[in-house]
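sequence first, then the predicted structure:
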Amino acid sequence: MTIDVRSPRQETAGGSDDDVLLPVEPRVREIARELYGHARDLPLISPHGHIDPGILADDEPFGDPARLFVVPDHYVTRMLLSQGISPDALGVPRVDGGPVQSDPRVIWRTLASHWHLFRGTPSKLWLERTFTGVFDVHTPLRPETADEIYDALSARLAEPEFRPRALFARFNLEVLATTESALDPLTRHAKLAADGWGGPGGRVITTFRPDDMVDLEWAGWPDRVRALGAMTGCDTDTLSGFLDALRLRRLDFIAAGATSSDHGHPTARAASVDDAASIFTRGLRGEAVTAAEAEAFRGHMLVEFARMSTEDGLVMQLHPGAVRNHNTWLHSTHGRDVGGDIPEATEYTRALRPLLDEFGHDPRFRMVVYTLDEQNFSRELAPLAGGYPSVFVGAPWWFLDAPEALRRWREAVTETAGFYNTAGFVDDTRAYCSIPVRHDVARRIDAGFLARLVAEHRLSLDEAGETIADLAYHLPKKIFKVG
Amino acid sequence: MTIDVRSPRQETAGGSDDDVLLPVEPRVREIARELYGHARDLPLISPHGHIDPGILADDEPFGDPARLFVVPDHYVTRMLLSQGISPDALGVPRVDGGPVQSDPRVIWRTLASHWHLFRGTPSKLWLERTFTGVFDVHTPLRPETADEIYDALSARLAEPEFRPRALFARFNLEVLATTESALDPLTRHAKLAADGWGGPGGRVITTFRPDDMVDLEWAGWPDRVRALGAMTGCDTDTLSGFLDALRLRRLDFIAAGATSSDHGHPTARAASVDDAASIFTRGLRGEAVTAAEAEAFRGHMLVEFARMSTEDGLVMQLHPGAVRNHNTWLHSTHGRDVGGDIPEATEYTRALRPLLDEFGHDPRFRMVVYTLDEQNFSRELAPLAGGYPSVFVGAPWWFLDAPEALRRWREAVTETAGFYNTAGFVDDTRAYCSIPVRHDVARRIDAGFLARLVAEHRLSLDEAGETIADLAYHLPKKIFKVG
Amino acid sequence: MTIDVRSPRQETAGGSDDDVLLPVEPRVREIARELYGHARDLPLISPHGHIDPGILADDEPFGDPARLFVVPDHYVTRMLLSQGISPDALGVPRVDGGPVQSDPRVIWRTLASHWHLFRGTPSKLWLERTFTGVFDVHTPLRPETADEIYDALSARLAEPEFRPRALFARFNLEVLATTESALDPLTRHAKLAADGWGGPGGRVITTFRPDDMVDLEWAGWPDRVRALGAMTGCDTDTLSGFLDALRLRRLDFIAAGATSSDHGHPTARAASVDDAASIFTRGLRGEAVTAAEAEAFRGHMLVEFARMSTEDGLVMQLHPGAVRNHNTWLHSTHGRDVGGDIPEATEYTRALRPLLDEFGHDPRFRMVVYTLDEQNFSRELAPLAGGYPSVFVGAPWWFLDAPEALRRWREAVTETAGFYNTAGFVDDTRAYCSIPVRHDVARRIDAGFLARLVAEHRLSLDEAGETIADLAYHLPKKIFKVG
């Protein structure tokens, strides 16, 4: 049984709320409904995201609605910050351990009293449709309904069928990949494997993310390199020993079900450099390393990781283009990953060329490339994915994971790369309960896009029906080697 | 009473011309009509523009149609130049004082005989709907109707109800901000204040625009700095005296009603530099200052202006990204601001970071950021406005102030920044009579955008109705601190 | 008689297949149909493309379907390569002369068995509508219909009315420009002229493309410069002799009907440099020339070519922004122009300024500027074309020559440049049989765009009808000085 995430109550002119996000023109909507029908009940493949695996390993009840829906969701807290509401008032922990709002009901009321800020945003869509579809709470969120909704959600969260593993089944999830640092002991995945939920081919798998091992500008890097040595028994005082250690860790991750690695770099630079070993050694010794050298080292390591992929088969995911911790105040008060990153222009054509020269035609290599810079879709990523056998365009990411941006993505990419060089929807989320609605949004947008192609006589209905099932299920399964 | 700027006569298939610019699909159009109804009669807030305040201070009748609609409108004269018609033939004054076409009827006929060039442009929309809505002239402009329309417009312009102050009331304008150089004596605003039209909280207010004081590459800069000293009694031979003088002038502007400053820089660079005083002094002495130093000084001054904003409360507007006087021939023959500027790529994420580090979370600081480079909307400006309490995304500007671009703007910005981090429509115009239609166009596009969200079940009709009134009236009033 | 390229058989919900690519909303579609009717039967003007003139000079029957539709079409072979199918398997000749698939039926079956990859791409549209419209073959391509379609196409290709000149008439082509290197002896065009098909004002004309004469980084450059000397009797050991030689060759091309030159540079840089003669001489001697110097030389030559245009009247076309031979493996195995180029970000505002300073207002000069980087359309190209009498925005090129991109182009360009600063559709194709459908696609997209303007009351039906005929026929004829 799949849960129904398609029925928020809205009093709007005409149409049924089953038609959320579908094109309005009646003939196109009719086609879109039919196409959506081919996708809506297919299992969810979530090959990349940031769910805490402990949620599923421990299967404890979720906390209160504020701690589930507000505190950890930087889409929500950054929007409130943008209108002057401090993360302190939303219960986001401070770096200095200082006091923050601890009453979840107060936090919830703050959200409710600013709910109008989210009009037109995907956060509104995700939360409202999660309340209705997952929690069967249909009262619209408003300042005056805050307590009613809080109480209703709290009551549900106390029920056994709202525990994480029960929801996993109701969400119709087939496989969920979490993302762990290269130093993660993977104990939570071991627990999952012991319970029959994890390991190779399991329902919950991990992803190898070594960013903090290759970023010399990230505080504490030498310590982490030494910890990696201790963990693997390799001599990480040398670059070659460091590479060996990473290879071993990848095997550990593969044993915990991983089928891909993930790389969140400032740029897409991927080029070997002669002085990589020298930069590495100087960095380890705490000697001066310039920003340019740190960037060169990251670029060097991307090529090394590509090489490892040809050996161990992990699909390489690349997420470049965010200026991390742009919001200096927020970083200093509340740390990383709380909404303080800002995108910048990104270049792929020249940046990826050295890597593609070496591995772009290697049948053992596969990479999925994401961007925060939409202009790349038609200009660089679609041409690259439509010209190299190893390259696939990743789904719209982060700020772009929203209906209008998903639509623009298909419009920008399809004519050059087709559908089959795109990697399928990726939810990339930290919000477990939002997974079904995020996938549902992507399926609806794809249905609308394909329906227009059919209505404009560019695709037959049969072709479109086959395509939407491929996009929703078969393609991500194949490209990410899951299931 | 508001005037009707919604009824040009067009023989087109189906629908009423009250539906201009509204979406065509019948259900969406019905919703859009209802939403537009919430906005159409709200007073106009014009917090940024380039109307000559003397028009309203003197309240003299406008001249002939050519001098009102053609000669000063660089949207119009540049399009005609692009097809080989010299500004001389359009009566645009020459730098050398040489002869230009002086017969307004001849100029008007030139416009009429090239009217097809404007198909699909906002100039066509603005002019046609101004003729019909403001002047009640409904004959379509064509070569053969040039004289008829010229005569009809001329007759209207001679009537007392077409004087500037009468039109102000008919336009339903609540507040209009003009823009003056830091050296402006503000005598026209004094006249307005004396007549009960100006001053703080008045109907016509000024805006502080100090570009010619901070741009060392702008001919005559040292003289202007000295004039500033003479005007304020400050010692502008030193940077600190110069800053004091600017502070005093801002107070003069505030006394003349100003609630914001405006900064039209080549880039968004906003960073303090150690050698600002040295650059300033060398510039004043007429010693060599490099282009890089001039740019560094402008960036330094943006931070200083932000600091002043925290002290005196002026909202900071930033308009970067135009290569001024790109058209060298046009600049040499007809001067500045006659259509010779061309946009270029602009970067905000790194450029604004130093300023935001210092003032981004200061509750006394507020900035509205504009762009001519659309890719910035989803990539940089929406994330910045959706993450910093002080930042708002300005309305599409200049080349982007047009129906398609306004639509793309909402589509690009809303999902990340929502509606409430956008600053409301700004007409930015030099063309007084086009003010109502420009605002009307923005209200119609917003109605259409919101109507689609309603029709796609992403927003309730109530939410959309409240939102469009906020966008049209309440938000700009609040963000720009006017009224 | 024009052939019908508007009737592929598709079983889709509602509407007739005469409505391919027209907007779906019934009122807009009705207007679009009427507008399309004004354009569909107008003769085709093809002022820029890459058809081999020998096809028309010799008028031999085409080969088999694989050699006509697959082997030479890099849109097709690169998509298949992107899914792991080697160009060898598609019969693309190898640089080393090694064996490739030589059985056309096998190649054809490979295409058919991967036909789903092309869903949503213009290649699918072009091929399907060419099969139905030109060859009257209506069976949809599928793995199981590969042989049937192969046989049907083969049968047609053997008929006399499918010879190139017969098709030229059926295609309703009025003029077709091919593109030749500056060293081309133009013998095929001489044959065409002798047959009454070529020469000034003829049906088949040439275009002067001197890229391989000005690109010092292109292997064999000194030899080609010497060959140019031998061909023209000029002393090409000096830059001034080289320029004289190019001038002479342009006259040869004009005698073969050329009305334009074409320049495919890495960037839009167009600026004279003082050391051009020195770079030239060193390059000729085989001495070291840096990448920066090679780029400076190309930029210098663009200005020289602009100067020549003012003398001989050739319209200058500029195609910058492709990283040629990005796919190193593909370049090394199969050479140039087989799908291995990737776009990158391009800048025009500053790059073109020196050239425009010199010739931008010269009534003898005209340039058509293309891009692969869509952000340029609203940001730079529309403002340039809408502000300089000599500049026209070229049609969407290469990766952007597809329905969605054509639509976005009109939306991005029209509001600033209008319709009359755009240069009309250019097919730019190597695929002779796809010419009619490519033009038909552009006419349909323009009809849809204009129909929306009419339905939104922004344009009258009369204005739109006149405009679409101008876009389809009159404008390109005038701007490219053909016919």
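Right, received. Where do you want to start? Small disclaimer: the values here were computed from a predicted structure and weren't measured.

buried residues in stretch A:195-210?
Going by neighbour count (16 or more other C-beta atoms under 10 Å in any protein chain shown), the buried part of stretch A:195-210 is A:Trp197, A:Gly198, A:Gly199, A:Gly202, A:Arg203, A:Val204, A:Ile205, A:Thr206, A:Thr207, A:Phe208, A:Arg209, A:Pro210. Placement of C-beta: from N, CA and C, glycine included.

could I get the CA-only coordinates of the helix or strand A:Leu167 falls within as PDB?
In this structure, A:Leu167 sits in helix A:164-170 according to DSSP states H and E. C-alpha atoms of helix A:164-170 as PDB (Å, rounded to 0.1, in the frame of the first residue of the first chain):
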ATOM      1  CA  PRO A 164      10.500   5.300  10.900                       C
ATOM      2  CA  ARG A 165      10.500   1.700   9.600                       C
ATOM      3  CA  ALA A 166       6.700   1.600   9.400                       C
ATOM      4  CA  LEU A 167       6.800   4.900   7.400                       C
ATOM      5  CA  PHE A 168       9.500   3.400   5.100                       C
ATOM      6  CA  ALA A 169       7.000   0.800   4.000                       C
ATOM      7  CA  ARG A 170       4.100   3.200   3.800                       C
END
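
show me what the mean pLDDT comes to for the helix or strand following it.
Using DSSP H and E, the helix or strand that follows helix A:164-170 towards the C-terminus is strand A:173-177. For strand A:173-177, mean pLDDT is 98.

just to revisit the earlier point, can you lay out the buried residues of stretch A:195-210 as a markdown table showing pLDDT, secondary structure and distance to A:Val369?
Formatted as a markdown table, those follow (pLDDT from 0 to 100; DSSP: H, G, I helix; E, B strand; the rest coil; distance: C-beta to C-beta, whole Å):
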| residue | pLDDT | secondary structure | distance to A:Val369 |
| --- | --- | --- | --- |
| A:Trp197 | 98 | coil | 30 |
| A:Gly198 | 97 | coil | 28 |
| A:Gly199 | 96 | coil | 28 |
| A:Gly202 | 96 | coil | 27 |
| A:Arg203 | 98 | coil | 27 |
| A:Val204 | 98 | strand | 25 |
| A:Ile205 | 98 | strand | 21 |
| A:Thr206 | 98 | coil | 21 |
| A:Thr207 | 98 | coil | 16 |
| A:Phe208 | 98 | strand | 17 |
| A:Arg209 | 98 | strand | 16 |
| A:Pro210 | 98 | coil | 17 |
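
sorry, back to before: ok now the helix holding A:Leu167, how far from the chain's centre?
Distance of helix A:164-170 from its chain centroid, counting by C-alpha atoms, centre = their mean, to the nearest Å, is 19 Å.

same check, this time on stretch A:159-168
Taking mean C-alpha positions (C-alpha atoms, centre = their mean), stretch A:159-168 and its chain are 22 Å apart.

next: stretch A:232-250.
Taking mean C-alpha positions (C-alpha atoms, centre = their mean), stretch A:232-250 and its chain are 28 Å apart.

and the residue most central in space within chain A, how far from chain B?
Taking C-alpha atoms, centre = their mean as the criterion, A:Asp428 is the residue nearest the geometric centre of chain A, at 1.3 Å. With distances taken as C-beta to the nearest C-beta, to the nearest Å, A:Asp428 is found 15 Å from chain B.

SS state for that residue?
When classified by DSSP: H, G, I helix; E, B strand; the rest coil, A:Asp428 comes out as coil.

and it, backbone torsions?
phi 50, psi 30 (degrees, to the nearest 10).

domain map for chain A?
As assigned by automatic domain parsing, chain A contains the domains A:11-60+A:163-479, A:64-159.

now do the last one, average pLDDT.
Confidence for domain A:64-159, expressed as mean pLDDT, is 97.

mind checking how far that domain is from the chain centre?
The chain centroid and the centroid of domain A:64-159 are separated by 21 Å under C-alpha atoms, centre = their mean.

ok, A:Met231 - contacts?
Taking C-beta atoms under 8 Å, 6 or more residues apart in numbering or on different chains, we find A:Met231 in contact with A:Leu183, A:Ala245, A:Arg249.

buried residues in the helix or strand where it lies?
Using DSSP H and E, A:Met231 sits in helix A:221-232. Buried residues in helix A:221-232, counting neighbours by 16+ other C-beta under 10 Å, are found at A:Trp221, A:Arg224, A:Val225, A:Leu228, A:Gly229, A:Met231, A:Thr232.

so which of those comes closest to chain C?
Chain C lies nearest to A:Trp221 out of these, by C-beta to the nearest C-beta, at 31.9 Å.

before we move on, back to that, please work out which residues outside the helix holding A:Leu167 touch it.
A:1-3, A:55-56, A:58-60, A:62, A:134, A:160-161, A:176, A:197, A:203, A:432-433.

buried only: go through those for me.
Neighbour counting by 16+ other C-beta under 10 Å classes A:Ile55, A:Leu56, A:Asp59, A:Phe62, A:Val134, A:Leu176, A:Trp197, A:Arg203, A:Tyr432, A:Cys433 among those as buried.

so how far is A:Tyr432 from the fifth one?
Computed as C-beta to C-beta, to the nearest Å, the A:Val134 to A:Tyr432 distance reads 10 Å.

what do you get for the second one?
Relative to A:Tyr432, A:Leu56 is positioned 8 Å away (C-beta to C-beta).

now the first one
Per C-beta to C-beta, A:Ile55 is found 6 Å from A:Tyr432.

for the third one, same thing?
Counting by C-beta to C-beta, the separation of A:Asp59 from A:Tyr432 is 12 Å.

quick check: residues of the stretch 251-400 of chain A near chain B?
A:323, A:326-330, A:339-340, A:342-345, A:372-375, A:399-400 (C-beta under 8 Å from any C-beta of the partner chain).

7 Å instead?
Within the stretch 251-400 of chain A, the positions adjacent to chain B are A:323, A:326-329, A:339-340, A:342-345, A:372-375, A:399 by C-beta under 7 Å from any C-beta of the partner chain.

could you find the closest non-adjacent residue to A:Asn327?
Spatial nearest neighbour of A:Asn327, excluding adjacent residues (C-beta to C-beta, 6 or more residues apart in numbering or on different chains): A:Gly340 at 3.4 Å.
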